[in-house]
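Visitor: Mind folding the following:
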Amino acid sequence: MGCQFHRFLAVMCVLAGGVTSGFLAAQQSPQPPPSANSGIAAGIVAGPRLSGVQGLPYSAEEVTVTTQTLADGTIITHQRRVKLYRDSEGRTRRESFGSQAASGESDDTPLNVHIVDPVAGVTYELNPRNHTARKIDLPHPTPSTPGQTTNTSVNLTPASPNLPRATAYEDLGTQVVEGLEVRGSRTTTTVPAGAQGNDRPIESTRESWYSSELRLVVMTATKDPRFGETVMKLNNLVRDEPPADLFQVPPDYTLEEVQPAVKPVSGLE
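Guide: Sure thing, here's the model as predicted:
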């Protein structure tokens, strides 16, 4: 059961963060995205440089609590804490403090810091523990060779019937969270019987509450009988301009420049 829980945490990190690509996508889309706040990896696919969300600065603390109930009634609770910042130019900063028991003492030093600067066209990965930083350029699109995609066949093979699939969608209306009016939706996903050795279908649900005013997901709740319940909520939301130095590499950090692995985007001219 412990291994299942840790696998689930890893999956949630990929889906939720969220380091930053999903997070930025959530900010830039006027519609509620399928997942909140996630990250940009060093292996980047070439695309337009990120413009960021301009004119909507904020800072907040993202708290994610996962609660799992074992067969004998034992309840296991873990908490992850992330500090989020966005300035008026669309720069973002994400400070991750890792996972800990919900009752444990918090550490004021983040495990890592991710900065995206769409103005300069770069991202930074900071390690506050050893004062090192990695700089990654955000690439422009690389056009493919003309005619490269001509007569390319399309795989029309239907998806496997054993894959999890969304089976229901519900509009939850609006409510006010952290002073923002947010609209909610609930998606039900079903794992078909036999797909994972299960003798009956497994249903999980995910609620997402999105602020179109701030272009941000402010709360999510996922319930899965295999892994328990995970709730993410933004707390202490402040809509002031964050300090400018939060989006810069401190002068006492050792900086390494990393070249991203760029793949051409076809059909661009």
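
Visitor: if I look at Asp137, how far off is Gln54?
Guide: Using C-beta to C-beta, to the nearest Å, one gets 21 Å for the distance from Asp137 to Gln54. (C-beta placed from N, C-alpha, C; glycine too.)

Visitor: again with Gly121
Guide: On the measure of C-beta to C-beta, Gly121 and Gln54 end up 15 Å apart.

Visitor: got it, and Ser99?
Guide: 33 Å.

Visitor: Compare those two and say which is more crowded by neighbours.
Guide: Ser99 (17 against 14; other C-beta atoms under 10 Å).

Visitor: Beta-bridge partners for the more buried one, please?
Guide: For Ser99, the beta-bridge partners under DSSP bridges are Arg80.

Visitor: What's the per-residue pLDDT of it here?
Guide: The model reports Ser99 with a pLDDT of 75.

Visitor: Can you find the helix or strand in the protein with the smallest mean pLDDT?
Guide: helix 21-28 (a mean of 39; mean pLDDT, DSSP states H and E).

Visitor: And the next helix or strand past that helix?
Guide: Next along the chain after helix 21-28, taking DSSP states H and E as the criterion, comes strand 58-69.

Visitor: so what secondary structure elements neighbour that following strand?
Guide: Applying 3 or more C-beta pairs under 8 Å, 6 or more residues apart in numbering; DSSP states H and E, one finds that strand 58-69 contacts helix 2-15, strand 75-86, strand 228-238.

Visitor: Show me what that strand pairs with in its sheet, parallel or antiparallel.
Guide: Sheet pairing for strand 58-69, using DSSP bridges, gives strand 75-86 (antiparallel), strand 228-238 (antiparallel).

Visitor: Using a markdown table, lay out the ones you listed together with mean neighbour count and distance to Val65.
Guide: Compiled in a markdown table, these are given as follows (neighbours: other C-beta atoms under 10 Å; distance: least, C-beta to C-beta, whole Å):
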| stretch | mean neighbour count | distance to Val65 |
| --- | --- | --- |
| strand 75-86 | 19 | 5 |
| strand 228-238 | 18 | 5 |
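
Visitor: got these as a markdown table, with distance to Ser204 columns?
Guide: As requested, the strands paired with strand 58-69 are exported to a markdown table (distance: least, C-beta to C-beta, whole Å):
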| stretch | distance to Ser204 |
| --- | --- |
| strand 75-86 | 18 |
| strand 228-238 | 10 |
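
Visitor: Dump these to TSV, plus mean pLDDT and distance to Val113.
Guide: Compiled in TSV, the strands paired with strand 58-69 are given as follows (pLDDT from 0 to 100; distance: least, C-beta to C-beta, whole Å):
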stretch	mean pLDDT	distance to Val113
strand 75-86	95	9
strand 228-238	96	18
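
Visitor: Nearest to Pro250, out of those strands?
Guide: strand 75-86 (15.1 Å; C-beta to C-beta).

Visitor: what are the C-alpha coordinates of the closest one, in CSV please?
Guide: In CSV, the C-alpha atoms belonging to strand 75-86 read as follows (Å, rounded to 0.1, in the frame of the first residue of the first chain):
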residue,chain,number,x,y,z
ILE,A,75,-5.4,7.2,8.2
ILE,A,76,-2.3,8.5,6.5
THR,A,77,-2.0,12.2,5.7
HIS,A,78,0.7,14.0,3.7
GLN,A,79,1.0,17.6,2.8
ARG,A,80,2.9,19.4,0.1
ARG,A,81,3.5,23.2,0.2
VAL,A,82,4.3,25.5,-2.7
LYS,A,83,4.7,29.2,-2.8
LEU,A,84,3.6,30.9,-6.1
TYR,A,85,4.3,34.3,-7.5
ARG,A,86,3.5,36.1,-10.8
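
Visitor: any weak-confidence spans in the stretch 1-150 of the chain?
Guide: Filtered on pLDDT under 70, the stretch 1-150 of the chain yields the residue ranges 1-51, 100-107, 140-150.
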